[in-house]
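Engineer: model the structure of this input:
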Amino acid sequence: MTSTNLVGKFTQSVRRIVQDVKDEGTSSGQTKEEVIETNERLRGVRVRLDENYDTAKKALVTLMARYSESKSQRNVFTRYALLKAMIKDVIRLETQYWSLVEIPRQEKAETVPAFVLRACAIMEKTQKSGEGVKTSAKLAEEAADKRERIERLNDMTTIQIETENTQMTNDLYRLLKKYTGLRNLIRELKSDYVSSKVYPIFPRYTMLKDMIKDIMHDPDYMEVCHEVDP
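Structural biologist: This next block holds a predicted model:
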């Protein structure tokens, strides 16, 4: 009889432990510490991606502004030089590996969370190699900011953090797609510009104008060119 009671109590204890693990875990099976770590990763990569995205967008928006200004130049040779200079300023980002990070292509069967986390891993590795030396004041500021973020997350439930992570993942996915679109436009511009070097000045002059116009009317550029910077 005593043995039966002990087995019963043991079974109840196991059930409580299992229930506690379920309460502490998430639908993805992560613990609170793990979802906090994921939250930090997503937040850090978002800051880095925002910088890359703003760099690419600013370069293309500036290109269009300079192109419009160049229309007032009636001298073909002078404007030709202006077109070459403005395009070279953009494609320089393509040759400086630290300026624009390379985002992988999403596989057909790859889920949004899996793709975002894979992109995060690549961005973390790429950006660390290109970062400059930080001052002690900057490091102290970042450490203080991180403590505040961790304190906020510790006051939240695991499910609340996971919900925030899901939203951050979806937002990051949309930004990755927009950034990749601009990144591809810059890559294509570089390829077209290099290919055009074999042509004489007059046909090439027309080609350079067409390269810029193609970007101007491209859906990937049109989607973001009207965004208002905060």
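Engineer: enumerate every residue touching Met86.
Structural biologist: Listed by C-beta atoms under 8 Å, 6 or more residues apart in numbering, the contact set of Met86 reads 63, 66-67, 70, 212. In short, each C-beta sits where N, CA and C put it, glycine included.
Engineer: go again using 6 Å as the cut-off
Structural biologist: Met86 makes contact with 63, 66 under the criterion C-beta atoms under 6 Å, 6 or more residues apart in numbering.
Engineer: list the buried residues of the host helix or strand of it.
Structural biologist: Applying DSSP states H and E as the criterion places Met86 in helix 76-95. Within helix 76-95, the residues scored as buried using 16 or more other C-beta atoms under 10 Å are 79-80, 82-84, 86-87, 90-91, 93-94.
Engineer: show me what the next helix or strand after it is packed up against.
Structural biologist: Sequence-wise, the next helix or strand downstream of helix 76-95 (DSSP H and E) is helix 112-130. Where contact means 3 or more C-beta pairs under 6 Å, 6 or more residues apart in numbering; DSSP states H and E, helix 112-130 is packed against helix 32-70, helix 158-195.
Engineer: now do the longest one: distance to the chain's middle.
Structural biologist: It refers to helix 32-70. 6 Å (C-alpha atoms, centre = their mean, to the nearest Å).
Engineer: now that helix: mean pLDDT?
Structural biologist: Averaged across helix 32-70, pLDDT comes to 93.
Engineer: between helix 158-195 and that helix, find me the angle.
Structural biologist: 30 degrees (axes from the mean of the first three to the mean of the last three C-alpha atoms, to 10 degrees).
Engineer: same for helix 32-70, what does it pack against?
Structural biologist: Against helix 32-70 (3+ C-beta pairs under 6 Å, 6+ apart) you get helix 76-95, helix 112-130, helix 158-195.
Engineer: and those, which one's lowest on average pLDDT?
Structural biologist: helix 112-130 - the lowest mean pLDDT of the helices and strands packed on helix 32-70, at a mean of 81.
Engineer: could I have that helix exported to CSV, CA atoms only?
Structural biologist: Extracted in CSV, the C-alpha atoms of helix 112-130 (Å, rounded to 0.1, in the frame of the first residue of the first chain):
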residue,chain,number,x,y,z
VAL,A,112,10.4,32.8,-42.5
PRO,A,113,11.8,32.2,-39.0
ALA,A,114,14.5,29.8,-40.3
PHE,A,115,15.5,32.2,-43.1
VAL,A,116,15.6,35.2,-40.8
LEU,A,117,17.8,33.4,-38.2
ARG,A,118,20.1,32.2,-41.0
ALA,A,119,20.4,35.8,-42.3
CYS,A,120,21.1,36.9,-38.7
ALA,A,121,24.0,34.5,-38.3
ILE,A,122,25.5,35.7,-41.6
MET,A,123,25.0,39.4,-40.7
GLU,A,124,26.5,38.9,-37.2
LYS,A,125,29.6,37.3,-38.8
THR,A,126,30.0,39.8,-41.6
GLN,A,127,29.4,42.9,-39.5
LYS,A,128,31.8,41.9,-36.7
SER,A,129,34.7,41.7,-39.2
GLY,A,130,33.9,45.3,-40.5
